[in-house]
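sequence first, then the predicted structure:
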Amino acid sequence: MEDICDYNETNFLSWTHKDYRLLQSLWELHLKNEYYVSSPLYPVVTAGLMYFSVLMPWTIIDLYGKEWKWIRKYKIQPDKEVTWPMLWKVISRNCWNMILYVAPYATAEWIWRAPTVLPPLAPCVFEVVWQNLASLAVLDFEFFIWHYIHHKVRFLYKHVHSVHHEYQSPNAWVAQYIHPYELLWLGLFTATSPWVIGWFAGCHPMTNFIFQNFVVVVSIDAHVGYDLPFMPHRWLPFYGGSVKHDMHHQKPLTNYAPFYTYMDQIFGTYCPPQLAGGYKTKELLDWEKKDKAKRQKLKEEKEAKKRMAFLQSRYMDSELK
Ligand SMILES: [Zn+2]
Ligand SMILES: [Zn+2]
């Protein structure tokens, strides 16, 4: 037990551990149920429960809120409807992914992985917040690279990532409407991102548990298809949220980073988002104008090359004659 206290007090941000009190009572609850909480199944089960509970309100809004003007005005693509047959297909894949891949993986972890050691002290709120945002940045970076490759390599797009792009207008369930191979990578990135932060800053198990649930919430947030006034992309700097990822489903060769905006801005793949009610900002209209001009130029260059090749072949033929 002492070792664990030392671990907490000697990590390089040890000053942040002075304020343990705010989360301590919540952490005590975890300690009282140590048998369940220390099990490798705990983060998977809580993330699964979180997934379905966050999805439910969005499912009701999508299916029954078609006449609710107070919320419909915030839909990013207001002309696109979510129907039962469409939703049923998405839910089926979600469930099969859970049964065939997530459940066996969780069981294997339960059998082979040692239980998590739970320290007696809770992390402080500041530590939980910055480590969650930093772990999300790690995941965002890893997935940006994976995502870019799976759009650029035709074989990988056709056989893996195109599944997720069946829907140009996403809904909350589309977050997990993915090929099992994509699910495997996403699971790996999600599980290991807090380890990266943990290597140099020490990551409390509670921070990790919260992160597994946090990723579920932000993944659903990215796919809901609404631009509501309280959503994090409205106030969190560099966070793209639903509006940015919705644009990725509309224009798949843009906005590869799933959560933050800076990676796409650095690599020139950022497309300004469409907002509530399908509103296009001046920034987006300018982007579309430039993109159209770029496409036109490429088309003309391609045609010129084709014409040149044709003329060259005719010249060669006439020379031979
Ligand atoms: Zn998506
Ligand atoms: Zn994509």
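Cool, got the structure. Ligands and ions are numbered 1, 2, ... in the order given.

from here on, just use CA atoms for contacts and neighbour counts.
Fine.

got the contact list for residue 62?
By Cα atoms under 8 Å, 6 or more residues apart in numbering, the contact list for residue 62 reads 81, 82, 171.

surely it is in a strand?
No: under DSSP: H, G, I helix; E, B strand; the rest coil, residue 62 sits outside any strand and is assigned helix.

is residue 245 in contact with residue 222, as I believe?
Yes: contact criterion Cα atoms under 8 Å: residue 245 and residue 222 qualify, at 5.7 Å.

who's more crowded, the two?
Legend: neighbour count by other Cα atoms under 10 Å for residue 245 and residue 222, higher for residue 245 (29 against 24).

send me the helix or strand the more buried one falls within as CSV with only the CA atoms.
Using DSSP states H and E, residue 245 sits in helix 241-250. The C-alpha trace of helix 241-250 is given here as CSV (Å, rounded to 0.1, in the frame of the first residue of the first chain):
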residue,chain,number,x,y,z
GLY,A,241,-17.0,17.7,-32.3
SER,A,242,-20.2,16.9,-34.2
VAL,A,243,-19.9,19.7,-36.8
LYS,A,244,-16.4,18.8,-37.9
HIS,A,245,-16.9,15.0,-38.1
ASP,A,246,-20.3,15.5,-39.8
MET,A,247,-18.3,17.3,-42.6
HIS,A,248,-16.0,14.3,-42.8
HIS,A,249,-19.0,12.1,-43.6
GLN,A,250,-20.1,14.7,-46.2
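
among the contacts of residue 62, who's most crowded?
Among the contacts of residue 62, residue 171 has the most neighbours (other Cα under 10 Å), with 24 neighbours.

quick one: that one and residue 219 touch, right?
No: counting by Cα under 8 Å, residue 171 does not reach residue 219; the two are 11.1 Å apart.

now residue 30, nearest residue through space, not along the chain?
Once flanking residues are discounted, residue 30 sits nearest to residue 37: 6.2 Å by Cα to Cα, 6 or more residues apart in numbering.

ok, now which ones touch the one you found?
Taking Cα under 8 Å, 6+ apart, one finds 30, 31, 116 in contact with residue 37.
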